[in-house]
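1. Got a predicted structure plus its sequence, pasted below:
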Amino acid sequence: MNVKNLFTSPQKGSVKFFICICKRLVLKLRRGVIVQSRVSVFIPIYKESGLLEPLLNVLLKDPYQSKEIFVVIDAPTKKSLNLADKLKEKVNFIFNGHRMGKVNALNEAVKKSSGDIFVFLDGDVEINNFHENFLENIVKEMENVDILEIKKEVIKDSFLAKLVYYDYMSSNVVSWFFSKTLGKSLGLNGSAFAIKRKAFEDLGGFRRVVAEDLDLATRSFFKNQKFKYAKNVEVSVKTFSKWKQLYKQRKRWGIGGALWVKEYYKELIKTAIKFPKFLIPILPVIFPSLALFLISFLPSNTFYYETFMMLMLFMATKIGFLSHPFFLTFVGVALLKNLMASILSFGCFCVIFYFLAKKLDYTFNPLEFFLFYFIFSPFWLSIVIVSLVKVFIQPHKIKLDWKY
């Protein structure tokens, strides 16, 4: 057989076809690597964090190849320096000898990055073991969006954490609601979220404000950037176990939120008028205790009052302690009326949060929610109200003991 016949024989044709297919597969694989979005992960730390090393280990083991990790540490401790020395070949550590503040530190770190997608994680979060493809899932979720809110659950390792759990759940519900209805959001929880580099640059990065995450989301809302809540991408958040520590954090959040309202109140009013059925329902979800607050201001109604009085007289014949004269006075009836209204409102919110918990795969414990509703939520709402009063009426009394 001559050379010409070798190249035209069926056998040789099959070999050439096989080689051609292999080349195409290799080319596709190469293209896949080339076009794979590069992810830059940023973790800001003040002094040190006990959760930082396990968080970095999970990120380093994540199979997503095109990634880079930046840890920015203000006023690092010996523990932080030792960890940096241990992982210096795999993680980019940036040290600031003094406290620059979260905003300054992150904006500086972004300048050193090369990612197409930015993932911001606080140093007090954990990535659950079942999320082996954490970064890949983020990239997939961000295919057609600019900003991605990552689902957050509080680690229930203390009594206080069990209450804060429902506060985080309510903020996740609001993000999910914005995602499903408007496709953009006025706020987000900055402890874990992702944003495309182009969107971040279009917004001019973080501004030097107290609530930098809330501010970033609001500006993205007015620029019509696409927002999505990722139910299937999740982190766990470590919260404080002592009320004093939590109060200090919430005081900062309250001042930050009040300053945000002061800066954007005109735009917020216009937005509320434009989207009333979307924005008005979220307030009682964020602050369920608003219902308790409003109950105390309900106007008296003679018909309802007399009906309630008759009901109390009937109950007094059945329940001994209600026959005491105090409970048959105006004050006693008013107190019991508010008590019954409070219990009724709690029952309504209990049902609502139960179904929302099922929708977003949160756990729900009625006793924990009871304590959240009557203790934590009023505590948080009171901080917000005091913060608003200070910012709008007594701005000279605001003393910030932190950098931003």
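-> Yep, it's here. Note that the structure is predicted; figures quoted are calculated from it, not measured. Numbers count the residues shown, from 1 in each chain.
2. just checking, what packs against the host helix or strand of Leu381?
-> When secondary structure is defined using DSSP states H and E, the element that contains Leu381 is helix 377-393. In terms of contacts (3 or more Cβ pairs under 8 Å, 6 or more residues apart in numbering; DSSP states H and E), helix 377-393 is packed against helix 243-274, helix 290-295. The C-beta positions use only the backbone N, C-alpha and C, and glycine is treated the same way.
3. Now tell me which of these the model trusts least on average.
-> Between the helices and strands packed on helix 377-393, the one with the least mean pLDDT is helix 290-295; it has a mean of 71.
4. got any ranges where the stretch 151-300 of the chain has weak pLDDT?
-> Low-confidence regions of the stretch 151-300 of the chain, defined here as pLDDT under 70, cover residues 292, 295-300.
5. ok, Ile195 - contacts?
-> Contacts of Ile195 were listed using Cβ atoms under 8 Å, 6 or more residues apart in numbering, and they are Ile117, Phe118, Phe120, Asp146, Ile147, Leu148, Leu216, Ser220.
6. again, only this time at 7 Å
-> The neighbours of Ile195, taking Cβ atoms under 7 Å, 6 or more residues apart in numbering as the test, are Phe118, Asp146, Ile147.
7. Surely it is in a strand?
-> Yes. With DSSP: H, G, I helix; E, B strand; the rest coil as the criterion, Ile195 is located in a strand.
8. Grab the most central residue of the chain for me.
-> Closest residue to the average C-alpha location of the chain: Asn189 at 3.0 Å, with Cα atoms, centre = their mean.
9. Give me the next element, helix or strand, following the host helix or strand of Leu344.
-> With elements taken from DSSP H and E, the one containing Leu344 is helix 330-359. Following the chain from helix 330-359 toward its C-terminal end, the next helix or strand by DSSP H and E is helix 366-371.
10. helix/strand/coil for the closest residue to Met142 other than its chain neighbours?
-> Leaving aside its chain neighbours, Met142 sits nearest to Leu148 (5.2 Å; criterion: Cβ to Cβ, 6 or more residues apart in numbering). Following three-state DSSP, Leu148 is assigned to strand.
11. how near is the residue nearest to the residue nearest to the centre of the chain when sequence neighbours are not counted to Tyr165?
-> Closest residue in space to Asn189, ignoring its immediate chain neighbours: Ser171 at 5.6 Å, by Cβ to Cβ, 6+ apart. From Ser171 over to Tyr165 the distance is 11 Å, taken as Cβ to Cβ, to the nearest Å.
12. From the neighbour counts alone, determine which of these two ranks first.
-> Neighbour tally, Ser171 and Tyr165, criterion other Cβ atoms under 10 Å: the higher count belongs to Tyr165, 23 against 17.
13. returning to that earlier point: just to confirm, which helix or strand has the residue nearest to the centre of the chain in it?
-> Taking DSSP H and E as the definition, one finds Asn189 inside no helix or strand.
14. Now the phi/psi pair for it, please.
-> phi -90, psi 120 (degrees, to the nearest 10).
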